[in-house]
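Student: With the sequence up front, the predicted model follows.
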Amino acid sequence: MKITKREFPKTRLRRARMKSFSRKMVSENRLSKNDLIWPVFLTEGTDRILDIETMPGVHKYSVDMILRELQKPVDQGLNAIALFPSIEDEKKDEQGSNAFEPDNLICTAIRAIKEVYPSLGLICDVALDPYTDHAHDGIIYKGQVDNDRSLKKLVKQSLLLSDAGCDILAPSDMMDGRVGIIRDALEKKEHHDVMIMSYAVKYASALYGPFRNAVNAGKLIEPSDKKSYQMNVSNSFEAMHEIAMDVNEGADMIMIKPGLPYLDIITKAKDTFGMPTYAYQVSGEYSMIKSAARNNYIQEEETILETMLCFKRAGADGIFTYFTPYLLNLLDQNSY
């Protein structure tokens with residue numbers, strides 16, 4: 001961008017900031033309801049709403065209860081949700097077998113939600129960590145997460161989710177080649193309209209802890225971390241290579257995760273590829289804001305809105321945020 005020569009006092013940049021109406025007139029980015037995607041945690045059973053201790057104000061819902069809970073946000077204009085299952089330990093095994101059962105928690109939820117809210121977009125995570133007893137995203141072989149063995153399982157999971165009615169598959173596993181092999185499988189099964197939102201850039205972050213507790217996948221068995229497949233937090237050029245591979249393999253949109261510490265990656269991705277680009281304000285980001293606000297260290301509403309507009313300014317087309325119900329209420333009262 002070329003900066004025109006401007007000098008004080010002919011130019012006073014504060015003029016447009018002095019009044020509320022003029023600040024709104026010159027605002028370069030705005031937050032709308034269409035920007036918001038609500039990550040929703042599911043639990044088994046009926047008539048259950050469970051608190052998540054590490055995420056104040058966030059809950060796990062049984063299928064019958066999420067059908068009730070969705071009514072207000074859908075009426076307010078909620079456009080899409082992302083579903084994450086939390087299953088009992090007894091159903092987990094080394095292969096993540098429950099992920100491939102047609103009547104498992106996530107598939108049951110997809111069918112039920114689509115019946116009641118047919119226009120609501122459903123985004124479904126593709127990864128095995130909620131289902132494996134070792135809490136890794138793929139198959140363990142010879143002490144490591146095996147890329148190619150994992151791909152076969154991820155394809156099977158993707159087809160099952162698509163058959164159930166998922167609109168957007170979101171592979172978050174970070175296995176090489178998974179977008180291409182999933183896209184090929186979708187085409188063969190004539191799921192031509194199922195979209196892929198690739199977690200193209202998912203860093204091996206310390207900010208996922210509350211989420212892992214929420215989906216009951218908190219304790220990793222060897223390997224003791226996910227650094228062999230999630231990205232090195234120090235790298236940005238590598239992130240562009242990850243995105244390029246996923247775009248070439250058939251991704252319709254891309255995800256950057258976590259969100260706020262990686263605004264530079266969001267901007268670089270949007271500028272480089274021009275693809276629909278989404279940010280995930282992850283559980284650790286959410287819990288830090290909630291904890292600081294509860295202790296009166298920060299103002300909650302202003303901080304939440306600031307983070308949302310930072311995502312938009314960086315180039316995000318949408319934001320996965322646990323603050324979605326809160327923000328829908330705010331947007332009903334004001335525009336930002």
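Tutor: All right, it came through fine.
Student: Which elements pack onto the strand or helix carrying residue 111?
Tutor: Element membership of residue 111, judged by DSSP states H and E, is helix 105-116. Counting by 3 or more Cβ pairs under 8 Å, 6 or more residues apart in numbering; DSSP states H and E, the packing neighbours recorded for helix 105-116 are strand 36-43, helix 63-69, strand 80-86, strand 121-126, helix 147-164. For glycine as for every other residue, the C-beta is placed from the backbone atoms N, C-alpha and C.
Student: so which of these gets nearest residue 332?
Tutor: Comparing the helices and strands packed on helix 105-116 by their distance to residue 332 (Cβ to Cβ), the top pick is strand 36-43, with 12.4 Å.
Student: So which of the helices and strands packed on helix 105-116 is nearest residue 136?
Tutor: Short answer: helix 147-164, nearest of the helices and strands packed on helix 105-116 by Cβ to Cβ, at 8.9 Å.
Student: Heading C-terminal from the closest one, find the next helix or strand.
Tutor: Counting by DSSP H and E, what follows helix 147-164 is strand 168-171.
Student: For that following strand, give me every contacting residue.
Tutor: Contact with strand 168-171 is made by 80, 82, 121-127, 154, 158, 161-162, 178-179, 182, 186, 194-199, 252-253, 255, as judged by Cβ atoms under 8 Å, 6 or more residues apart in numbering.
Student: Tell me where the chain has helices.
Tutor: Per DSSP state H, the chain carries helices over the ranges 20-25, 63-69, 71-76, 105-116, 147-164, 178-188, 209-214, 237-249, 263-273, 283-294, 300-314, 324-333.
Student: Can you say which of those helices is nearest to residue 139?
Tutor: When the helices of the chain are compared (using Cβ to Cβ), the closest one is helix 147-164, at 4.4 Å.
Student: and that closest one, what does it pack onto?
Tutor: On a contact count with 3+ Cβ pairs under 8 Å, 6+ apart, helix 147-164 meets helix 105-116, strand 121-126, strand 139-141, strand 168-171, helix 178-188.
Student: Next, the buried residues of the second one.
Tutor: By neighbour count with 16 or more other Cβ atoms under 10 Å, strand 121-126 contains the buried residues 122, 123, 124, 125, 126.
Student: Quick one: distance of the worst-scoring helix or strand of the chain on mean pLDDT to the chain centre.
Tutor: The weakest-scoring helix or strand in the chain, judged by mean pLDDT, DSSP states H and E, is helix 209-214 (a mean of 86). Put simply, helix 209-214 sits 14 Å off its chain's centre (Cα atoms, centre = their mean, to the nearest Å).
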